[in-house]
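Student: My questions concern the predicted model and sequence given below.
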Amino acid sequence: MVAWRSAYRTWLSIARGRDRHCRRMVLIGIDGETRRLLDLFTTHPELGIRLAGVVGSRQQAVEFGCASMWLGDLDAAEQIVSTARVTGVVVSTTAVPGRRLNQLIRLLQREGVHVHVATGIAGIDARRMRSTQLSHEPLLYIEAPTLGKAQRIGKRTFDIVAAGVGIVLTGPVLFAVALAIKIGDGGPVFFRQRRVGRDGQHFAVLKFRTMVVGADSQVAALQAGNERNGPLFKMQNDPRVTRVGRFLRETSLDELPQLFNVVRGQMSLVGPRPALPSEVANFPLELRNRESVTPGITGLWQVEARDNPSFDAYCRLDLFYVENWSITLDLLIILGTLEQLVVKLFRTVAGGEPEPRPRLTLADAMTLSFDTAAPRATESGPYDWPRLDEAAHGTPLESPRTRPTVRDIRSATVEELDEHDQFGTRAG
């Protein structure tokens, strides 16, 4: 059952990344929480949520950077949702007055619309929340994090046992990888790099060498090709990676020597990835809280957003783990890591997968230009979709002469938008 659910989650995540099995939704209420939710849905397309737009004050939409997604005012929310052809809504309770919120929920549910309520609470594990009531009024009780001594002892015991068993079981693999690296270019087998661990202490992280000797000295010259934002550095096609190293990275076999770091107590199986001192020097103060736990071989960010360039996602997921870690969460992260390894191994053996055709992302939607002359654009204007080169996965051969109004977007399905939208810079 566990294997089946794991395989299903992996398949669904890949499918949603290609805009399949997704849900069109509308965000109701516009404020800072709405902006946070917009960023969340952009960062995690695997959630399967594709936004048709936002509903609320136009002035607030401009203030919080989502004017191009504005569909109308809060008073007309029910009508907008009805014509937008969506299956659900997400309501920001911090932006909608209580009386209107209650009215909105009941009216939308009568129409069969799924209603999700955003509480405005961030960084707290949902498993710490308990629904309760006072005189039939719904409330959420939030349990304090349980970071007791027993949990720490249990985590360390699990690390030692699992790492020891892992070293024994992967012994032949360790030997084979070391031999392949040595034969490949005759250079050192292992790569030691100074990283920042718990309480800011530096230690040498151990990895199989995947790059040419002296790769560290070339970072500055490659900075222009950095695909991450913030202080992190990553290139998909890094020229410093060796042929053997590319295979090791695609299968994550280069991380196996870190099991010895775990045995030494410098690392844990699960935790925030240890950062470089140069990266930590540019971290915001809040993110330095990640140093209150032992860094890990894998972590929540690796499972949820490893290939995402967003530094905000990196911060959010690392800080979430710091505040909410538990043995149960560690086991879930390990399971998620195994899922990713199986998928990566399959892709590597199969020779990769074809590049999916361009899809509509939230960043695309936010670059669409709407008719802003009227209080709310409702009429479609003349629009010529660009001619597409199907052999190039939908690459436009020419630019459209006019752009769609709100009704064009509201009446289009995700698949139609996926076929035609070619505006803006694509993210993710």
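Tutor: Arrived safely, thanks for sending. Note that the structure is predicted; figures quoted are calculated from it, not measured.

Student: where's the top helix by length along the chain relative to the chain centroid, distance-wise?
Tutor: What stands out as the longest helix in the chain, according to DSSP state H, is helix 327-350. Distance of helix 327-350 from the chain centroid (Cα atoms, centre = their mean, to the nearest Å) equals 15 Å.

Student: For Ser92, grab the count of nearby residues.
Tutor: Ser92 has 24 neighbours, counted by other Cβ atoms under 10 Å. All C-beta spots, glycine's among them, are computed from the backbone N, C-alpha and C.

Student: ignore the last one, Leu37
Tutor: By other Cβ under 10 Å, the residues close to Leu37 number 20.

Student: wait, doesn't Tyr240 sit right on Phe191?
Tutor: Let me fix one detail, which is that residue 240 is Arg and not Tyr. No: Arg240 is not in contact with Phe191 according to Cβ atoms under 8 Å; the separation is 11.5 Å.

Student: Look at these two and report which has more neighbours.
Tutor: Phe191 (21 against 17).

Student: returning to that earlier point: state the mean pLDDT of the longest helix of the chain.
Tutor: The average of the pLDDT scores along helix 327-350 is 79.

Student: Buried residues of it, list them for me.
Tutor: The neighbour-count check on helix 327-350 (16 or more other Cβ atoms under 10 Å) flags Leu329, Asp330, Ile333, Ile334, Gly336, Thr337, Glu339, Gln340 as buried.

Student: Give me the distance between the fourth one and Ile297.
Tutor: Right, the one you point to is Ile334. 10 Å (Cβ to Cβ, to the nearest Å).

Student: next one: the first one
Tutor: Counting by Cβ to Cβ, the gap between Leu329 and Ile297 amounts to 15 Å.

Student: quick one: common contacting residues for Arg240 and Phe191?
Tutor: Counting by Cβ atoms under 8 Å, 6 or more residues apart in numbering, the contacts common to Arg240 and Phe191 are Met211.

Student: okay, now the domains of the protein?
Tutor: Annotated domains of the chain cover 2-122+357-420, 149-350 [automatic domain parsing].

Student: Tell me where the model's unsure across the chain.
Tutor: Applying pLDDT under 70 to the chain flags the ranges 1-3, 6, 147, 216-218, 220-221, 223-236, 306-309, 344-428.

Student: show me where it has strands.
Tutor: Counting by DSSP state E, the chain has strands at residues 23-28, 49-55, 70-72, 88-92, 114-118, 129-134, 137-142, 190-196, 202-208, 268-270, 296-298, 388-389, 395-396.

Student: Looking at these, which is nearest to Gly164?
Tutor: strand 268-270 (11.5 Å; Cβ to Cβ).

Student: Which strands border the closest one, and is each parallel or antiparallel?
Tutor: Sheet pairing of strand 268-270 (DSSP bridges) gives strand 296-298 (parallel).

Student: How about residues contacting the partner strand?
Tutor: 255, 258-259, 261-262, 267-273, 333-334, 337.

Student: mind redoing it with 10 Å?
Tutor: 159, 163, 166, 205, 252, 255-259, 261-262, 267-274, 302, 306, 321, 325, 330, 333-334, 336-338, 340-341 (Cβ atoms under 10 Å, 6 or more residues apart in numbering).

Student: Can I get the buried ones among those as something I can paste into ChimeraX?
Tutor: Buried subset of the contacts of strand 296-298, written as a ChimeraX selection, criterion 16+ other Cβ under 10 Å:
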select :159,163,166,205,252,255,256,257,258,259,261,262,267,268,269,270,271,272,273,274,302,306,321,325,330,333,334,336,337,340
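
Student: which ones are touching the closest residue to Gln60 other than its chain neighbours?
Tutor: Of all residues not flanking Gln60 in the chain, Ile30 sits nearest, at 4.1 Å (Cβ to Cβ, 6 or more residues apart in numbering). When the contact criterion is Cβ under 10 Å, 6+ apart, the partners of Ile30 are 38, 54-64, 66-67, 69-70, 74, 92, 95-96.

Student: contacting residues around Arg130?
Tutor: Leu139, Leu140, Tyr141, Ile142, Glu143.

Student: Quick check, Leu256 in contact with Phe175.
Tutor: No: the criterion here is Cβ atoms under 10 Å, and Leu256 misses it with Phe175 at 11.1 Å.

Student: Any chance of TSV for the domains of the chain, columns distance to Arg128?
Tutor: Formatted as TSV, the domains of the chain follow (distance: least, Cβ to Cβ, whole Å):
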stretch	distance to Arg128
domain 2-122+357-420	10
domain 149-350	7
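
Student: Reformat the contacts of Arg130 as JSON lines; add distance to Gln133.
Tutor: Formatted as JSON lines, the contacts of Arg130 follow (distance: Cβ to Cβ, whole Å):
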{"residue": "Leu139", "distance to Gln133": "6"}
{"residue": "Leu140", "distance to Gln133": "10"}
{"residue": "Tyr141", "distance to Gln133": "10"}
{"residue": "Ile142", "distance to Gln133": "15"}
{"residue": "Glu143", "distance to Gln133": "17"}
